[in-house]
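Participant: What would the 3D arrangement of this be:
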Amino acid sequence: MSVSIFAEGTFEEQVQDLVNYIVRNKAEEERSAAIQPFQESLRAEYSDEQEKKRKVIKQILDKVSGFGEGNEKEIQGFFNLLFAHLFSSHGPDLATSFPPLLSTIESASSPRPVIKFQILSNLYNALPLDSTYRLQVFSALLRLASAQNNLDILHLAKSDVELWLDQWTASGDEKSKLLEEISCALEFPPAVNISLLDHLAYEFLLLYARRVSPTSPYYQNGAVRLLATTLRTSTIFDFDTLLTINSVVAIKDHPLFSLLQVFLNNGLSELNSWISSHKEVLAQNDISTDVLERKMRLLTLASLGFKNVGQKISYNWKAWVIDVIRSNLLSGKLSQTTETLYSNGNFWSPGLLSWKKSLDSVLDVIATARKQAGNAPPSAPPPPANTDAAPVTA
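Facilitator: Down below sits the predicted model:
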């Protein structure tokens, strides 16, 4: 038997197709007994046709316990037809029927993970763009892709996720939890290009920290993880952005915030002192001392270049000069014959000067706001304005 979402026939005939698929692996006597309740339900009297469809489809859903005994085409056809009848019979009222169905699909055994991914993708795309259940299906897709070490299949892009979050009618905490799941999946997967994944995780952590509500249980956790990722990743030097995020400034008593202040206000000797007294903090957050020292050296060199714009700087550390230019922290020309660097300026130190001046005032403002609000955490910035989006595929 082959089942298709384009199956012809009446509702009763399509129900018979669905039921036949569910019982196909049973012995003949068992099949007859299993089919009988559905036949009786179809013959029963109902107040209207919609009530009949709703009760019969619910009856079918209760019997779905896995993918059944079918080939890939039949499995997909069965679920596509079931999805179509579920949405037409229940409308948006899926609170009791949808979660068990999603759980059944996610936990079902499959000889090929791609089958499960295709079924979940079909379910995602069958739902309305603003459906809260899209978030739940996407979360299941994320878990599946992460378990298979195949996050690339999701084509994750921050701009897409932002649009979806604005579309879905889910709660703020549900959206924050999804962003946490995405960033966790990206942070430490076994992959070749760890640097690229670190940057993608950083982008989602920024989104996470900006959108999470001050009353959310994820508020502080998101800020700590964002700080850790920024400090941990050797190619991220944008500390300015961190001070614009309320949840980050709100954890000013956390040891990692004091490390951020070292980068904003001090140098290598102060960094080494901090490291010597916070080794457990670094271990807990998987932050390498070598990465921290390298970042500080590059930032110090960039600051030196900023102070000497338009001048030649002698150097004895060619590798460091090359690294600081490659990191887009400094612009200049090297002369190997004279071992000098002609500084054209840089992209970091001007911001550094303003950060140092503004850090204390920012913290003072936050402290004042806390006192006025009875020690409540500061309000998070509003989420991006909602925008129209084209239909999205998972």
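
Participant: CA atoms of the one helix or strand residue 302 maps to as CSV?
Facilitator: Per DSSP states H and E: residue 302 is located in helix 289-307. The C-alpha atoms that make up helix 289-307 are tabulated as CSV, following Å, rounded to 0.1, in the frame of the first residue of the first chain:
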residue,chain,number,x,y,z
THR,A,289,45.2,31.4,29.4
ASP,A,290,47.1,31.3,26.1
VAL,A,291,44.2,32.8,24.2
LEU,A,292,43.7,35.5,26.8
GLU,A,293,47.4,36.4,26.8
ARG,A,294,47.5,36.5,23.0
LYS,A,295,44.4,38.7,22.8
MET,A,296,45.9,41.1,25.4
ARG,A,297,49.2,41.3,23.5
LEU,A,298,47.4,42.0,20.2
LEU,A,299,45.2,44.7,21.8
THR,A,300,48.2,46.3,23.5
LEU,A,301,50.0,46.4,20.1
ALA,A,302,46.8,47.9,18.5
SER,A,303,46.7,50.6,21.1
LEU,A,304,50.4,51.4,20.5
GLY,A,305,49.6,51.7,16.8
PHE,A,306,46.7,54.1,17.5
LYS,A,307,48.9,56.3,19.6
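
Participant: In that helix, which residues are buried?
Facilitator: The neighbour-count check on helix 289-307 (16 or more other C-beta atoms under 10 Å) flags 292, 295-306 as buried. Backbone N, C-alpha and C define where each C-beta goes, glycine included.

Participant: cool, and stretch 84-94?
Facilitator: Buried residues in stretch 84-94, counted by 16+ other C-beta under 10 Å: 84, 85, 86, 87, 89, 90, 94.

Participant: what's the neighbour count on the residue lying closest to the third one once chain neighbours are set aside?
Facilitator: Beyond its immediate neighbours in the sequence, the residue positioned closest to residue 86 (C-beta to C-beta, 6 or more residues apart in numbering) is residue 57, lying 5.8 Å away. Neighbourhood size, residue 57 [other C-beta atoms under 10 Å]: 22.

Participant: Quick check: residue 57 vs residue 170, distance?
Facilitator: 24 Å (C-beta to C-beta, to the nearest Å).

Participant: still on that earlier bit, need the buried residues of helix 289-307 in a markdown table with pLDDT and distance to residue 328, can you?
Facilitator: What follows is the buried residues of helix 289-307, written out as a markdown table (pLDDT from 0 to 100; distance: C-beta to C-beta, whole Å):
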| residue | pLDDT | distance to residue 328 |
| --- | --- | --- |
| 292 | 96 | 19 |
| 295 | 90 | 13 |
| 296 | 89 | 17 |
| 297 | 86 | 16 |
| 298 | 85 | 10 |
| 299 | 84 | 12 |
| 300 | 81 | 16 |
| 301 | 79 | 13 |
| 302 | 77 | 10 |
| 303 | 75 | 15 |
| 304 | 73 | 16 |
| 305 | 69 | 12 |
| 306 | 69 | 14 |
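
Participant: Quick check: which helices or strands does the helix holding residue 302 pack against?
Facilitator: Helices and strands touching helix 289-307, by 3 or more C-beta pairs under 8 Å, 6 or more residues apart in numbering; DSSP states H and E, are helix 219-232, helix 255-265, helix 268-277, helix 318-326, strand 330-335, strand 340-346, helix 349-372.

Participant: and it with helix 219-232, angle?
Facilitator: 70 degrees (axes from the mean of the first three to the mean of the last three C-alpha atoms, to 10 degrees).

Participant: list the contacts for residue 68?
Facilitator: 21, 22, 24, 25, 74, 75, 78 (C-beta atoms under 8 Å, 6 or more residues apart in numbering).

Participant: So among those, which ones count as buried?
Facilitator: 21, 22, 74, 75, 78.

Participant: and those as TSV, adding pLDDT, distance to residue 323 and secondary structure?
Facilitator: As requested, the buried ones among the contacts of residue 68 are exported to TSV (pLDDT from 0 to 100; distance: C-beta to C-beta, whole Å; DSSP: H, G, I helix; E, B strand; the rest coil):
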residue	pLDDT	distance to residue 323	secondary structure
21	93	61	helix
22	92	62	helix
74	91	57	helix
75	92	53	helix
78	93	57	helix
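
Participant: Okay, now the unreliable bits of the stretch 201-350 of the chain?
Facilitator: 305-313, 315-318, 320, 331-332, 335, 337, 339, 341-343, 345-350 (pLDDT under 70).

Participant: What separation is there between residue 243 and residue 176?
Facilitator: For residue 243 relative to residue 176 (C-beta to C-beta), the value is 21 Å.

Participant: Of all pairs in the buried residues of stretch 84-94, which one is the farthest apart?
Facilitator: 84 and 94 (13.5 Å; C-beta to C-beta).

Participant: now the helix holding residue 302 against helix 318-326, angle please.
Facilitator: 80 degrees.

Participant: What is the burial count for residue 285?
Facilitator: 18.

Participant: Just give me the residue closest to the centre of this protein.
Facilitator: For the chain, the residue nearest the mean C-alpha position is residue 182 (2.3 Å; C-alpha atoms, centre = their mean).

Participant: That one contacts residue 160, doesn't it?
Facilitator: No: using C-beta atoms under 8 Å as the test, residue 182 is too far from residue 160 to be in contact (11.2 Å).

Participant: picking that back up, residues touching the residue nearest to the centre of the chain, list them.
Facilitator: The contact partners of residue 182, taken as C-beta under 8 Å, 6+ apart, are 142, 156, 161, 204.

Participant: And for residue 148?
Facilitator: residue 113.

Participant: What pLDDT does the model give it?
Facilitator: We have a pLDDT of 88 for residue 148.

Participant: Next one: it from residue 113, what distance?
Facilitator: Residue 148 sits 5 Å away from residue 113, going by C-beta to C-beta.

Participant: about what we covered before: tell me the one among the contacts of residue 68 nearest to residue 330.
Facilitator: Among those, and counting by C-beta to C-beta, the member closest to residue 330 is residue 75, at 57.1 Å.

Participant: Is it correct that that closest one is in contact with residue 116?
Facilitator: No: contact criterion C-beta under 8 Å: residue 75 and residue 116 do not qualify, at 9.4 Å.
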